[in-house]
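Engineer: Return a 3D structure for these sequence lines:
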Amino acid sequence: MQDSSIQQARIYTDFSGLNELKSQARTDKKAALEEVARQFESLFIGEMMKSMRKAGDVFSEDNYLNSNESEHYRDMFDNQLSLTLAGQRGGTGLAEALVRQLSRQIPGMSEEGEKLSGHKATLADYDRSVPVPSRALPEQVREVNRIAPAEPAEPIAAPATEDLAPMPRNFNSPEEFVRELLPVAERVARESGIDPRVMIAQAALETGWGKHMIEGEGASPTHNLFGIKADHRWQGDSVNIATTEFREGVPMSERASFRAYPDYEASFRDYVEFLESNPRYRDVLASADQPEVFAQKLQDAGYATDPEYGAKIRRIMNGDSLMTLSMDDAESMGNTEAEE
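Structural biologist: Modelled structure (predicted):
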C-alpha cells in the first residue's frame, strides 16, 4: 500500500504529494519511480483529452451554455480525470513501460524495479539532505571555546616583491616588448574577449615598441600603453606633456593630460574599461573576435586622429610575431591619444 503522502499527489491541485516524492526516493526508489511514471501518464492522457475537446469545439460555437467560465471548469474536470484514469489498474500501460525503462538507470535496481542484492553503494544511494542542527550545538561550541580558546591565526606572508622581475620602464627592442607584455595582454584578454595581438599591436604603435613611453616630471613612468587622455572623469594620477595631433590630416604639436598607472596591467585593464564605458566604441567591441575589423573600427570610431591608424595596427599585428613589420610606423607615431 502506498504512503498517504503519495496519495495526495492524486489530486491535481495539491502539489505537496509531489514534493514528498523527493524524500521517498531516498528510501523506496521503486515506489517513487512508479508514482512519477503515473504522473507522466496522466499528462499524456490530459493532452489526448485536450485534442479530443478541441475537435468538438466546432459543434459548441452557437451553444449559449458555452462560455469562458464553462471551459475553465471543463478543463479542471479533464485534469482530474486524467490523473484518475492514470491511477486505474493498468492505465494505458505507459507508466509500466516507463518504470521498466528507467529502472535500468537507477543504481541498485533491476529492470523489474527490484533492489539488487550485493549492490555496491555509490554516491547516488546516499542521503544528501542537510541534517537538522542540535539545539545544544551553541552551548557545545561555547564549551569547546572555553576549554581550548582559539589562537589568533598568523597572517599569511605576502609574496616578496623582489622575487618578481620588475617590468622595464622602456623597452630596447620589439622582441623584449612582446616577450614582457604579451602574457599580461593574454590575462586581460581572457576576461575581455579582445584579441591580445591587437592590444599589443596598438600598444606598440602608441609607444614605438616601448621606446617612447609617456613620462611625467623627472622621467617618472606612467605605464600608459594606449595614449588614453585624462579628462574630468579620471580620478587617478596624470601627466601633462606635448603630443602629436592630426588636424585635417596635418600633424600638429599640442599639450594634453594623459592617465598614469601603477603598472602595465593596470593600463591594459583601463584600456578595456575605457572602451566598454564609452558608447562610441560599442560597435568596436562587437568585433572583439575579429582583430583586423576591430582595428579598423577603432579608427572609424575616432580613437585617434591619425587617418592611417587602423592600417598601421593591422600591419604591426600581421608581422612575424608582432615584431618584424612597421617599426617605422610605430616609432614615428610617438604619443597619440585616445579621444573621448
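Engineer: Which helix runs longest in the chain?
Structural biologist: Longest helix in the chain by number of residues (criterion: DSSP state H): helix 29-56.
Engineer: Which elements pack onto the helix or strand encompassing L275?
Structural biologist: L275 belongs to helix 264-277 when elements are defined using DSSP states H and E. On a contact count with 3 or more CB pairs under 8 Å, 6 or more residues apart in numbering; DSSP states H and E, helix 264-277 meets helix 174-192, helix 282-285. All C-beta atoms are positioned from the backbone trio N, CA, C, and that covers glycine.
Engineer: Among those, which comes closest to G210?
Structural biologist: Each of the helices and strands packed on helix 264-277 has some distance to G210 by CB to CB; the shortest is helix 174-192, at 4.4 Å.
Engineer: Extract the CA atoms of the helix holding L275 and return them as CSV.
Structural biologist: Taking Å, rounded to 0.1, in the frame of the first residue of the first chain, the C-alpha atoms of helix 264-277 are listed here in CSV:
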residue,chain,number,x,y,z
TYR,A,264,51.3,47.9,-17.2
GLU,A,265,48.5,45.5,-16.3
ALA,A,266,46.5,48.5,-14.9
SER,A,267,47.0,50.1,-18.3
PHE,A,268,45.6,47.1,-20.2
ARG,A,269,42.6,46.9,-17.8
ASP,A,270,41.8,50.6,-18.0
TYR,A,271,42.0,50.3,-21.8
VAL,A,272,39.3,47.7,-21.8
GLU,A,273,37.2,49.6,-19.3
PHE,A,274,37.7,52.8,-21.4
LEU,A,275,36.2,51.0,-24.4
GLU,A,276,33.4,49.3,-22.5
SER,A,277,32.3,52.5,-20.8
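Engineer: Got the domain ranges for this protein?
Structural biologist: Listed by automatic domain parsing, the domain ranges of the chain are 4-116, 167-333.
Engineer: of those, which approaches R142 most closely?
Structural biologist: Closest to R142 of the domains of the chain is domain 4-116 (CB to CB; 33.3 Å).
Engineer: Tell me the secondary structure at V239.
Structural biologist: What DSSP: H, G, I helix; E, B strand; the rest coil gives for V239 is strand.
Engineer: Neighbours of it, how many?
Structural biologist: A count of neighbours around V239, defined by other CB atoms under 10 Å, yields 18.
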